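Participant: Dropping the sequence and predicted coords here.
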Amino acid sequence: MLIRDARPQDLAAFAPIFRAVVEDGETYAYPEGLDDDEIRALWFEQSPARTVVAVDDDGTLLGSARMGPNRPGRGAHVATASFMVGEAARGMGVGRALGEEMLRWAREEAYAAAQFNAVVETNTAAVALWEHLGFEVLTTVPAAFESRRHGRVGLLVMHRLL
C-alpha cells in the first residue's frame, strides 16, 4: 500500500467511498446526496492542510485522510484529521497506515498535539485504533450523533500530545 498526496483525479474513486460511508450513517454527520464538487470542497484540503489517499499496488484507492489545524489562529498548533476507508479495504490496516501518516506529518509540521473532535462512540474499531496510536478520550458529548442503527450516541473528543 502506498500513501500519497491526493490528486484532483482521485475524486472519481474517492467520491463513492465518501457517499457509502456517509449513507451508512454510523461515523460522519455530513449530509447525504452531495455531488462531486461538494465532496471536493469538504474533503480535499488546501495547504497548509493536506489530503492523502491510500492506494494498493494496482492503484485502487482504498481510503483517504484529510488533516490540518484543528482551529485557526491561536488553535493552529493542534492538528486534527478525518479518515475514510472503503468497505472492501476494511481490516487490512488502511486506517492504521493513514493514522500513522497523519501523526508523522503532524510532527514534521511541528504541531504540539492532535485532537479528534467527534469520534462516534459506537465506532469501536476507530476508538480502539486511536487509543492504540496514543489518543485518550477527554470527554464524551452525550447524544450528539444520530446513528442510523443505534439512535443518539455520544461523540468522543480524543487527544494526544506529539
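Facilitator: Sure, I can see it. Residues are numbered from 1 along each chain as shown.
Participant: give me phi/psi at the residue lying farthest from the centre of the chain?
Facilitator: Of all residues in the chain, residue 58 has its C-alpha farthest from the mean position, at 23.2 Å, by C-alpha atoms, centre = their mean. The phi/psi pair for residue 58 (degrees, to the nearest 10) reads phi -90, psi 0.
Participant: distance of it from residue 97?
Facilitator: The gap separating residue 58 from residue 97 is 17 Å, by C-beta to C-beta, to the nearest Å. To be clear about C-beta, it is placed using only N, CA and C from the backbone, and glycine gets the same treatment.
Participant: rewinding a little: show me what contacts the residue farthest from the centre of the chain?
Facilitator: With contact set as C-beta atoms under 8 Å, 6 or more residues apart in numbering, residue 58 has no partners.
Participant: Check the gap between it and residue 1 for me.
Facilitator: Distance from residue 58 to residue 1, by C-beta to C-beta: 11 Å.
Participant: do residue 121 as well
Facilitator: Residue 121 is 28 Å from residue 1, by C-beta to C-beta.
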